[in-house]
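Student: When you get a sec, could you give me coordinates for this:
(one chain, ligands or ions: 1)
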Amino acid sequence: MKQQIENVKKSILSFEAKTEKEVEDFRLRFLVKKGEVNSLFEEFKKLTKEEKRKAGSILNDLKNYANQKFKELNEGVVAKEEETKEGTDFSLPGSIVPQGSKHPLSIVQKKMIEIFERMGFNISLGPEVEDDWHNFSALNFPKNHPARDMQDTFFIEKEISLRTHTSSVQVRVMEENEPPIRTISPGRVYRNEAISARSNSFFHQIEGLYIDEGVSFADLKQTLFLFVQQFFGEKTEVRFRPSYFPFTEPSAEMDIFLGTETEEDYRLTKGTGWLEILGCGMVDVNVLENCGIDSKKYSGFAFGMGVERITMFQYGVKDIRTLFDNDKRFLEQFKLLN
Ligand code: DAH
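Tutor: Numbers count the residues shown, from 1 in each chain. The predicted structure is shown next:
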């Protein structure tokens, strides 16, 4: 009996299984009722008491060993299958990496910049924390002049504030460069306004500046008209309305025509059919001189527009705050537009 047990043990020890089928062969050979291990138990029954005492424990050990070996073989095969799946099965579909999307403001800003770049404008940037000179004084806002109230300012110190417009970058560019200057300045600006569906305490603008000899209002109109045609479509109508800004003379605001046919257009244009999209004008002589540019030799135009306003119009966004909530359900809708 002892010898028989030893022989079965040896067979179990040397048994190898690489596939599920081979593991099953092991089970059928050793573990089923008529398998080699149970057959030994049948033999065992026939032994005398004395012999049973000797063989009992080694036979039990054999059974445990067989079960243990079966478990190991099984785990080995499963692990191997996983391994080949991950390592070499190229026909399996890849794991999906979620795709990000550009922010709608970035999409619109990029499109605007590209249009002006094609017209020969370069990009210039300035600081968001600005001194009084660049944000106001150089731009012809006299101290204590009511024009400063046009923009509610976040002050940091007496003469230092968060910039209220990107016009501050005009000043920096003119101070540092000789004409001809053709530049656009995108950036974030801040205003101390009550937050609502229509206004936020920060937003984005794109500023434009063109200074050279003999630049006229006709150049301004043509540049902006070309921009509108490329951005909103060739047939877009525009109009210029006289306006006032301290840093331009004459000054204007430009509207594009939407009509009042849809309820949305009616609402956006307050029933006029016209949507204001930017402020512009010929750079005031005082501003040129403040920035060290010879106003007898050079003239130029400037314009500034809000990116949020145009983004909201383009995508039908009704509340400016949705642009800053970072709600994925909103942002994911812009995936295809990247
Ligand atoms: N800075 C003005 C604003 O924030 C916009 C603006 C108007 C910019 C006329 C200009 C301009 O350059 O010429 O409301």
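
Student: how deep is Q314 tucked in, by neighbour count?
Tutor: Burial of Q314 is recorded as 14 neighbouring residues (other CB atoms under 10 Å). Just so you know, the C-beta spots here come from the backbone N, C-alpha and C atoms, and that holds for glycine as well.

Student: List the buried residues for whichever strand or helix holds it?
Tutor: Here Q314 sits within helix 307-315, counting by DSSP states H and E. If you call a residue buried by 16 or more other CB atoms under 10 Å, then helix 307-315 has these buried ones: V307, E308, R309, I310, T311, M312, F313, Y315.

Student: Tell me if I'm right that the fourth one and Q109 touch.
Tutor: No - taking CB atoms under 8 Å as the definition, I310 is not a contact partner of Q109, at 9.4 Å.

Student: Point me to the helix or strand that includes the nearest residue to D294 once chain neighbours are set aside.
Tutor: Spatially, and ignoring its direct neighbours in sequence, D294 is nearest to L288 (7.6 Å; CB to CB, 6 or more residues apart in numbering). Element membership of L288, judged by DSSP H and E, is helix 285-290.

Student: got a list of contacts for that helix?
Tutor: Around helix 285-290, the neighbours that count as contacts under CB atoms under 8 Å, 6 or more residues apart in numbering are 137-140, 170-171, 174, 211, 247, 249, 294-295, 298-300.

Student: Smallest gap between the stretch 51-200 of the chain and the ligand, at which residue?
Tutor: For the stretch 51-200 of the chain and the ligand, the shortest gap (CB to the nearest ligand atom) falls at H165, measuring 3.4 Å.

Student: nearest residue to that residue other than its sequence neighbours?
Tutor: Nearest non-adjacent residue to H165 (CB to CB, 6+ apart): V189, at 5.4 Å.

Student: Least confident secondary structure element in the chain?
Tutor: Least confident helix or strand of the chain, by mean pLDDT, DSSP states H and E, is helix 49-88 with a mean of 83.

Student: any idea which helix or strand comes after that helix?
Tutor: If you walk from helix 49-88 toward the C-terminus, the next helix or strand you reach (DSSP H and E) is helix 104-118.

Student: and that next one, does that touch the ligand?
Tutor: No - in this structure, helix 104-118 remains apart from the ligand according to CB under 6 Å from any ligand atom; the gap is never smaller than 13.3 Å.

Student: Mind listing residues that contact the helix or strand following that helix?
Tutor: Heading C-terminal from helix 104-118, the first helix or strand you meet, by DSSP H and E, is strand 122-123. The contact list for strand 122-123 (CB under 8 Å, 6+ apart) reads I113, E117, R182, T183, I184, S185, P186.

Student: Mind doing that once more with 7 Å?
Tutor: Residues from elsewhere that reach strand 122-123, judged by CB atoms under 7 Å, 6 or more residues apart in numbering: I113, R182, T183, I184.
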